[in-house]
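1. Sequence and computational prediction follow.
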Amino acid sequence: MSKRIVFHVDVNSAFLSWTATQMVNEGKDDIRLVPSVISNEPDKRTSVVLAKSIPAKQYKINTGEPISMSLRKCKDLVIAPPDFKLYTKFSKAFKDICREYTPVVEEFSIDECFLDMSGMENVYRDILATAYEIKDRIKSELGFTVNVGVGSNKLLAKMASDFEKPDKVHTLFEDEVKNKMWVLPIKDLLFLGKATAEKLNNIGIRTIEDLAKTDTATLKALVGNKASEQLHQHANGIDDEPVAELPREVKSYGHSITVEENITDKQAAYNLLLSLTDASASRMRADKVKAHCVCVNIRDNHFNNKSHQKQFSVPTDITYNIYNTVKELFGEVWNGKTPLRLLGVTLTDITKDENEQLSLFGENNAQNDKKQKIDSVVDAIRNKYGSTTIMPGSIMNTKRPKKK
């Protein structure tokens, strides 16, 4: 049996890098060489840093922080807007190059993918040289850099790609775990969350080696049975998850929005919730699926989060049927007074089963048929003329969430 080999290809600071590449192609300055970030509408408090250049790191600018904070750290910061159509184009382009080297490529996110190179030693005699070739081709043909991690499994390959950046190839095979991975702090272990890292630190587990050598009984008492087994395996470099060639099945559909001015009016909240529901339901219909459950979540002006969910008696993709339940849940989760800064709607327990239980009374069936026809017409118009060409009258002046 051949040795398992996995590549993880990760674009360096993808959004900023792709925007910079396009600007250079247009004859403009390369913003990768100066403190710069990608952020939309920097004059609004809801704007955050989506990506940053390497020079921006010197000012301790962090991804996800408010752009106003970044400007206080660096007054000469260059801010460029995101272009998601461009990002989709570049994402496809670099993954197409990867697919020239193996038929099994898993799209992990818009800017990273896994390549199963197991057994490819017969095609590429020097597997490490092949990693460098992929990296260099992406740079020369597309104009941006990537890191390539080479490992014995997906976990180790992704850990390796996160080593020194940019434009590097790193290896992390099973026999390198002790020297390269065990010396790292536990916060650097893939899939280990901040809260769990703090719990481990509190009992003296500070490095990945500490975690690897901790008995599972101690870990189970701290984080539970399932999580303890995964943590212990990952700390020892063990990961049996295959590289999945097919796209991952979507498990939920949802949208949330952070408002520019806190919401204190119920009708304003309803309008936003209808917009969020409308966007989520239309995505479900496009994928020909339905949801068994809907969840409403809110965040108030003190950053306290609350959520309620409810199961449908039968799965549905009808906008107004979902919205009626959303309003009901919102009434349960909000006291009607505390200012809100975020609203969200998430549809879960997704099914492709098109068999729908009919009501014993014809009235509900007829109403649902009418609503489905309306949804179908609305979807068709939007697909042809754009998502904002038609929408419920109550949200005509409400910002519709963009698809991500």
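-> Received, thanks.
2. distance between stretch 201-221 and the chain's centre?
-> The chain centroid and the centroid of stretch 201-221 are separated by 29 Å under C-alpha atoms, centre = their mean, to the nearest Å.
3. Low-confidence stretches in the chain?
-> 1-2, 42, 44-46, 246-249, 260, 353-404 (pLDDT under 70).
4. hey, where'd the helices end up in it?
-> Per DSSP state H, the chain carries helices over the ranges 14-25, 54-57, 67-73, 84-98, 127-142, 154-161, 194-202, 208-212, 216-223, 225-235, 266-286, 319-333, 362-385.
5. Of all these, which one is nearest residue 256?
-> With C-beta to C-beta as the criterion, residue 256 lies closest to helix 266-286 of the helices of the chain, at 7.1 Å. Where you see a C-beta, it was placed from the backbone N, CA and C, and this is true even at glycine.
6. And the closest one, what does it pack against?
-> Where contact means 3 or more C-beta pairs under 8 Å, 6 or more residues apart in numbering; DSSP states H and E, helix 266-286 is packed against strand 252-263, strand 290-300, helix 319-333, strand 340-351, helix 362-385.
7. Please dump the helices of the chain into a markdown table; it should also carry mean neighbour count and distance to residue 104 for every row.
-> Putting the helices of the chain into a markdown table (neighbours: other C-beta atoms under 10 Å; distance: least, C-beta to C-beta, whole Å) gives the following:
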| stretch | mean neighbour count | distance to residue 104 |
| --- | --- | --- |
| helix 14-25 | 21 | 22 |
| helix 54-57 | 18 | 32 |
| helix 67-73 | 16 | 40 |
| helix 84-98 | 16 | 10 |
| helix 127-142 | 16 | 14 |
| helix 154-161 | 26 | 12 |
| helix 194-202 | 14 | 31 |
| helix 208-212 | 21 | 28 |
| helix 216-223 | 15 | 32 |
| helix 225-235 | 17 | 22 |
| helix 266-286 | 20 | 27 |
| helix 319-333 | 18 | 37 |
| helix 362-385 | 13 | 32 |
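8. In CSV, list those helices along with distance to residue 174.
-> Below are the helices of the chain laid out as CSV (distance: least, C-beta to C-beta, whole Å):
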stretch, distance to residue 174
helix 14-25, 29
helix 54-57, 31
helix 67-73, 41
helix 84-98, 24
helix 127-142, 15
helix 154-161, 7
helix 194-202, 23
helix 208-212, 13
helix 216-223, 20
helix 225-235, 12
helix 266-286, 41
helix 319-333, 48
helix 362-385, 49
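9. So for residue 48, which of these sits nearest?
-> helix 67-73 (6.4 Å).
10. Let's check: the centremost residue of this structure is which one?
-> residue 109 (6.9 Å; C-alpha atoms, centre = their mean).
11. so which of the helices of the chain gets nearest residue 115?
-> helix 84-98 (5.6 Å).
12. what angle do that closest one and helix 127-142 make?
-> 140 degrees (axes from the mean of the first three to the mean of the last three C-alpha atoms, to 10 degrees).
13. who does helix 84-98 touch, helix- and strand-wise?
-> Using 3+ C-beta pairs under 8 Å, 6+ apart, helix 84-98 sits against strand 6-11, helix 14-25, strand 105-109, strand 112-116, helix 127-142.
14. Out of those, flag the one nearest residue 257.
-> Relative to residue 257, the nearest member of these by C-beta to C-beta is helix 14-25, separated by 20.0 Å.
15. how far does stretch 19-34 sit from the chain's center?
-> That offset, for stretch 19-34, works out to 26 Å (C-alpha atoms, centre = their mean).
16. quick one on the thing from earlier: is the residue nearest to the centre of the chain bridged to anything, and to what?
-> residue 112 (DSSP bridges).
17. Compare the helices of the chain and give me the one nearest residue 340.
-> It's helix 266-286; of the helices of the chain, that one is closest to residue 340 (C-beta to C-beta) at 6.8 Å.
18. Run the chain-centre distance for that closest one.
-> 20 Å.
19. Compute the inter-axis angle for that helix and strand 290-300.
-> Going by the same axes, to 10 degrees, helix 266-286 makes 150 degrees with strand 290-300.
20. Pull helix 266-286 out as PDB, backbone CA atoms only.
-> Output of helix 266-286 as PDB, limited to C-alpha atoms (Å, rounded to 0.1, in the frame of the first residue of the first chain):
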ATOM      1  CA  LYS A 266     -40.600  46.100  16.100                       C
ATOM      2  CA  GLN A 267     -41.800  46.800  12.600                       C
ATOM      3  CA  ALA A 268     -38.200  47.700  11.500                       C
ATOM      4  CA  ALA A 269     -37.100  44.400  13.000                       C
ATOM      5  CA  TYR A 270     -39.900  42.600  11.100                       C
ATOM      6  CA  ASN A 271     -38.800  44.200   7.800                       C
ATOM      7  CA  LEU A 272     -35.200  43.000   8.300                       C
ATOM      8  CA  LEU A 273     -36.300  39.500   9.300                       C
ATOM      9  CA  LEU A 274     -38.500  39.200   6.200                       C
ATOM     10  CA  SER A 275     -35.500  40.200   4.100                       C
ATOM     11  CA  LEU A 276     -33.300  37.700   5.800                       C
ATOM     12  CA  THR A 277     -35.900  35.000   5.500                       C
ATOM     13  CA  ASP A 278     -36.600  35.800   1.900                       C
ATOM     14  CA  ALA A 279     -32.800  35.600   1.000                       C
ATOM     15  CA  SER A 280     -32.400  32.300   2.900                       C
ATOM     16  CA  ALA A 281     -35.500  30.600   1.500                       C
ATOM     17  CA  SER A 282     -34.700  31.600  -2.100                       C
ATOM     18  CA  ARG A 283     -31.300  29.900  -1.800                       C
ATOM     19  CA  MET A 284     -33.000  26.800  -0.600                       C
ATOM     20  CA  ARG A 285     -35.300  26.800  -3.500                       C
ATOM     21  CA  ALA A 286     -32.400  27.200  -5.900                       C
END
